[in-house]
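Asker: The following block contains a protein sequence and its predicted model.
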4 protein chains.
Amino acid sequence: MLFFRNDYGQGCTSRILELLAQANEADNPGYGTDQYCQRARELLASRMPDHDPVIHFLVGGTIVNLTVLRHILRPYEGVYSPDTGHIAVHETGSVEATGHKVITVPNASGKITPAALRKAHSQFQLIFEHMVMPRAVYISNATELGTVYTRKELEDLRAICDEFQLYLIMDGARLGNALESGVDYDLNDLAGWCDAFTIGATKNGALFGEALVIMNRKLQPYFRFTEKQSGAMLAKGWLLGLQFIGLFEDDAWFENARHANELAMTIQNRVKELGYPLLLTSETNQIFVVVTQQEYEYLSTRVDFEIWEQWNDDIIVRFVTSWHTTQEEAEYLCVYLEEARNQDSLPEPEED
Amino acid sequence: MLFFRNDYGQGCTSRILELLAQANEADNPGYGTDQYCQRARELLASRMPDHDPVIHFLVGGTIVNLTVLRHILRPYEGVYSPDTGHIAVHETGSVEATGHKVITVPNASGKITPAALRKAHSQFQLIFEHMVMPRAVYISNATELGTVYTRKELEDLRAICDEFQLYLIMDGARLGNALESGVDYDLNDLAGWCDAFTIGATKNGALFGEALVIMNRKLQPYFRFTEKQSGAMLAKGWLLGLQFIGLFEDDAWFENARHANELAMTIQNRVKELGYPLLLTSETNQIFVVVTQQEYEYLSTRVDFEIWEQWNDDIIVRFVTSWHTTQEEAEYLCVYLEEARNQDSLPEPEED
Amino acid sequence: MLFFRNDYGQGCTSRILELLAQANEADNPGYGTDQYCQRARELLASRMPDHDPVIHFLVGGTIVNLTVLRHILRPYEGVYSPDTGHIAVHETGSVEATGHKVITVPNASGKITPAALRKAHSQFQLIFEHMVMPRAVYISNATELGTVYTRKELEDLRAICDEFQLYLIMDGARLGNALESGVDYDLNDLAGWCDAFTIGATKNGALFGEALVIMNRKLQPYFRFTEKQSGAMLAKGWLLGLQFIGLFEDDAWFENARHANELAMTIQNRVKELGYPLLLTSETNQIFVVVTQQEYEYLSTRVDFEIWEQWNDDIIVRFVTSWHTTQEEAEYLCVYLEEARNQDSLPEPEED
Amino acid sequence: MLFFRNDYGQGCTSRILELLAQANEADNPGYGTDQYCQRARELLASRMPDHDPVIHFLVGGTIVNLTVLRHILRPYEGVYSPDTGHIAVHETGSVEATGHKVITVPNASGKITPAALRKAHSQFQLIFEHMVMPRAVYISNATELGTVYTRKELEDLRAICDEFQLYLIMDGARLGNALESGVDYDLNDLAGWCDAFTIGATKNGALFGEALVIMNRKLQPYFRFTEKQSGAMLAKGWLLGLQFIGLFEDDAWFENARHANELAMTIQNRVKELGYPLLLTSETNQIFVVVTQQEYEYLSTRVDFEIWEQWNDDIIVRFVTSWHTTQEEAEYLCVYLEEARNQDSLPEPEED
């Protein structure tokens, strides 16, 4: 069966496996204080030459989100998120569990637009102690719907954050895919815009790992205390360093993402040609296709993928490509999509 | 330099590395719903034939402790811990961060004795809403000081827990070492005594991983919600399954621990022969030795180890053996210890 | 200046003041274990003859809401609230601060309709650990917009709660106003529908005080522990008992509410006659009127009231009546409203 | 029956009752923004002429403690408390419920001595993220055992707090009793030593109320947000203002405390003369007496008081005087104590 369920279904690149085997017998201090993490920090920092980032490595997306937000927010402060944001929907209330309100902003194709942020914030602008004080803006880039923020949008969000003393926090679980989608900005730019952001590896060729980059100096001190308290500090922390070495010692992290994006674009183009409606036009490695019940049944016996949601009588399904997806698999998927589509257009068997 | 700093300084057994390489390309569902985790659960359950355990795999010790305690405790409930317990001292207040008081009980060689528990509980026995309601007893086995609970102690603690409706929670970060220390109980017995306990792999040959075994049926439902909310659910959860397959498909988990214990006993015996005072007599893979400042300086240039605490003018140091320690390394350590000791006994250089 | 700002701007009924003076010298045990609280519990229970309620007295609305919700919810559980609900908007994220997500449901005139609840819940119906598990439904009656749930609505909400194992929690800060708005149900009915609800006194003639009525037996045990932990247990708890004796030894609580409602209806009717638009038709003691900027300025120098929100170029203002408002004050307000309105209709001064 | 159970068993001074009656009909804005609170703030500030305090009024001791500590601590920070401290023992883990560890320090007669604080802090002095970071020192003055800090002790604690960047937080639930115990410091001095402290009214003649005085400018902003979020903001906040006006418009707060202290000293002296052992010598209005089982039985039918704890075969009981206790009641208690004692010294009835 073809696998288009997600981008974290397989292990890691062969290079990371190699690094693991090489490092396996070395003696290492624990908790990320080792030479591999140090090397990985340097590799990442070298991609942000105009900045002086503080970098921590955590295992996964939910733990890094909850840890950074509880670290930076005071008890009465809340965080804006698009209503499609991962922290708002799919992390089981983990931010609320740290005591903070997630203030949802209606999304536009998965994004918080500058206009939407400004409107949402207008109701909080008076210092008014009966309401939560918004202090951070959480966005994902690429978004949960496969879209990507433009340079203009990010600059404008940054400006609004400056105006209202809000922290801009970017969830980069799929940041590679965003940066390889044709945008005119890079890690160095992001380091200038965000107070903190993550560089995701789990979904881009590593066994696990999100690098948390804290840019705002005020937020840097004592993060390791919050990290340890949250159970987010890996004993054999050097394993995380290895993942990022494997992805950043050369351009693997970028290439993996470009590869996934390219296959996705191939598939999305074919989907359009075949006349399937799309939930929206993706710019990265996740494609959201509206299929009929009959098409769904045809596809689901041949392809492993996820139902996104019901849409009247139809079904929105999600196909995800990754560093691991092959050209051949993408082509097969296109064939199945075509067959499912044609099946529909066949006349229904006549009764007689 | 010899490494006796801890039991998580190196990677994993060659078998686990092999399993990782084999499984690397397979397509897996996420979050521990895969076949490897399933197989690992069966392997563990087969060691508890009289019971029907529910098993989850989490990455590390702190996250599993805080997740299980917040799962089982109601807001006003607290947990007993020896004052040397990991949750009381070295997890940065992670249990308190979930809202629950850790009620410390004076330890006896790292343990809560049944008598100490009964005494501590006597002050809470009246239902009295101005005090926290104790609801759980947290113990580590082996303890943070290398000691091991006897069958009698565990049976008595269980009886007290039954008497006062307390949950018995055992932190098994070094459970292999406890079970291989010569005790007359096994995993099957523990499953009968504990409401929940962990089977540690991080410190016994795996890259990471603690298996949480929940025995009390009342505590089993919805654990995955608390787990996800705590950021404790690994995306590529099958990696955790692989660790436990590698350790439990045969007796590797037991053999690793026995190996570490045996080397530790060799060293501890030699330490005694050399006349070093011990903080206490260890039964497992951690040895606590009192050394002079001069001895410390001699050793610290040759061996990587940890200072435990100051003791008047002397220093208590900790040597830890592991699955990875070799016979040869243990012998070298004994030689250095002898040299450090003799150095002491040499007459101080005369001045003339 | 006329006072229509809120229903908690003055002290208490003369009867309560009298009771305070009488009881002032008596010796009382602390924390609500006194005879006055006992008497007040009996008075309240006598209004729910078909039920066996457990009743606690807390000082205010926010503290009772956060205390009851943290008491009844497990860590991963959330609570539905209309997006206009007090806990969703005006309690500074106090429920989130106890770790629980408030899941907002679009309101219909301040209410959660049965249909809206069913729709909101449809996305959570699969047991799916990546999302919060909804476990409670919070409604206010009367609502924050002055509307009142019908018997049918409450019966239907109860049925949905039964179907999906949700607790129905009613915030009765203005429950007297709801019950005196002409509905065909009473406290006894509410005790049958709600798992817990409050009977508000602060806004109905007392110095302070909300009675929390816990009906669901599963939720009753150990509430006093959560209460004390939340800082919600008043040392001189008998003061709370006195408030409820003063309001329930006869029908004062009902009469106060009826009085406030009647004056509000008088005003609302006059408002309609004068041609002011209403935000919605209120059924109780809060009236929401759309005024022009010019009308606002006229009124604001004569009447103390609250701006609710901007509405394009106009302003929605709120007038609140209470047990303390007099017929004469209501009439004055009507006069001012008329003057403000006529002022508008005057031709603008001509320039020449 | 004589009442020596506590100092919050009766209502309030007649002056406060009078103020309540006078203010009952006035229109007031809510939540402590009224003129009475403003007046009360000025009265308190006038007692600290060298300082510029920020003052909030909260209802009770537990709520003020938990609110101020959650306001000032970051997630990974903890607070020192004597092991006899109210927050450590008798507030149902309310500080832990806000996420913070209470780090207990062995008490000396209910106090943290400077030496004990220095010793406790020595284990945390390294920045070490596996342990909680202590950030505040909580002390009660008078202590829970009736003792009082000396000027020297407070100056030394302040110096240690400066040295280690700790906040000094004083719980003044019985601060009047401390200041009237013969010490050579006053509110103005305390404002110079403490980062925040409370001035208790509940136990000194008011219906309820603790004034929170925040001196450290860094801790002042946005307190009202934390207060509202904690459910600690009273709707009719002017009631709190009235309590403090009643106690501070003249010297009532001081006189009430002096009165209680004097009666207590009378009783304690008599207790000593009668040969009763004391748990410790109290300096304020709480007396801790060791009585036999037989003495206990005699007294308990005549006096309402509290058992403090068992002491071998004997019982430690607590007698508390207050603003409300009369000279006559104190004399009666002395008589009963004498009778109970003599009863003991009678020869046991002979059998024959």
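Answerer: Received, thanks. As the structure is a computational prediction, the values presented were derived from the model and not from experiment.
Asker: Around chain D, which positions in the stretch 151-300 of chain A sit nearby?
Answerer: For the stretch 151-300 of chain A, the contact set with chain D under Cβ under 8 Å from any Cβ of the partner chain comprises A:222, A:224-229, A:233. From N, CA and C alone the C-beta is placed, and that goes for glycine too.
Asker: so A:His56 sits in a strand?
Answerer: Yes - per DSSP: H, G, I helix; E, B strand; the rest coil, A:His56 lies within a strand segment.
Asker: isn't it right up against A:Leu212?
Answerer: Yes - counting by Cβ atoms under 8 Å, A:His56 touches A:Leu212, with 4.6 Å between them.
Asker: what do those two both touch?
Answerer: With contacts defined as Cβ atoms under 8 Å, 6 or more residues apart in numbering or on different chains, the residues shared by A:His56 and A:Leu212 are A:Phe223.
Asker: Helix or strand: which one has A:Phe225?
Answerer: Assessed by DSSP states H and E, A:Phe225 sits inside helix A:223-229.
Asker: contacts for that helix?
Answerer: If you take Cβ under 8 Å, 6+ apart as the criterion, helix A:223-229 is touched by A:31, A:54, A:56, A:58, A:67-68, A:70-71, A:212, A:214, A:233, B:62, B:91-94, B:97, D:74-76, D:129-130, D:132-133.
Asker: same thing with stretch A:191-200?
Answerer: Residues outside stretch A:191-200 that contact it (Cβ under 8 Å, 6+ apart): A:44, A:48, A:50-51, A:53, A:61, A:64, A:68, A:72, A:136, A:154-155, A:157-158, A:161, A:167-176, A:187, A:190, A:210-216, A:219, A:244, A:253.
Asker: who's in contact with the residue in the stretch 51-200 of chain A that chain B sits nearest to?
Answerer: In the stretch 51-200 of chain A, the residue that lies nearest chain B is A:Ile63 (3.1 Å; Cβ to the nearest Cβ). Contacts here follow Cβ under 8 Å, 6+ apart; on that basis A:Ile63 touches A:230-232, B:63, B:230-232.
Asker: Just give me how far the strand or helix carrying it sits from the chain centre.
Answerer: According to DSSP H and E, A:Ile63 maps onto helix A:61-72. Here helix A:61-72 is found 14 Å from its chain centre; the criterion is Cα atoms, centre = their mean, to the nearest Å.
Asker: Same check on stretch A:282-302?
Answerer: Worked out by Cα atoms, centre = their mean, stretch A:282-302 lies 21 Å from the chain centre.
Asker: How about that stretch and chain B, touching?
Answerer: No - for stretch A:282-302, no contact with chain B is found by Cβ under 8 Å from any Cβ; the gap never falls below 13.7 Å.
Asker: and that stretch, which residues are buried?
Answerer: Using 16 or more other Cβ atoms under 10 Å in any protein chain shown as the test for burial, stretch A:282-302 gives A:282-292, A:295, A:298-300, A:302.
Asker: Spit out the contact partners of the closest residue to A:Asp50 other than its chain neighbours.
Answerer: Spatially, and ignoring its direct neighbours in sequence, A:Asp50 is nearest to A:Asn188 (5.6 Å; Cβ to Cβ, 6 or more residues apart in numbering or on different chains). Residues near A:Asn188 by Cβ under 8 Å, 6+ apart: A:47-51.
Asker: Among these, which pair sits farthest apart?
Answerer: The two members of the contacts of A:Asn188 with the most space between them (Cβ to Cβ) are A:Arg47 and A:Asp50, at 10.6 Å.
Asker: Which of the two has more residues huddled nearby?
Answerer: Neighbours per residue (other Cβ atoms under 10 Å in any protein chain shown) separate A:Arg47 from A:Asp50, with A:Arg47 holding more: 18 against 8.
Asker: check which helix or strand covers that one.
Answerer: Assigned by DSSP H and E, A:Arg47 falls within no helix or strand.
Asker: quick one: pLDDT of it?
Answerer: pLDDT, A:Arg47: 98.
Asker: Skip the chain neighbours and tell me the closest residue to whichever residue of the stretch 101-250 of chain A sits closest to chain D.
Answerer: The minimum distance from the stretch 101-250 of chain A to chain D, using Cβ to the nearest Cβ, falls at A:Phe225 (3.6 Å). Counting by Cβ to Cβ, 6+ apart, A:Phe225 lies nearest to D:Tyr76, which is 3.6 Å off, once chain neighbours are set aside.
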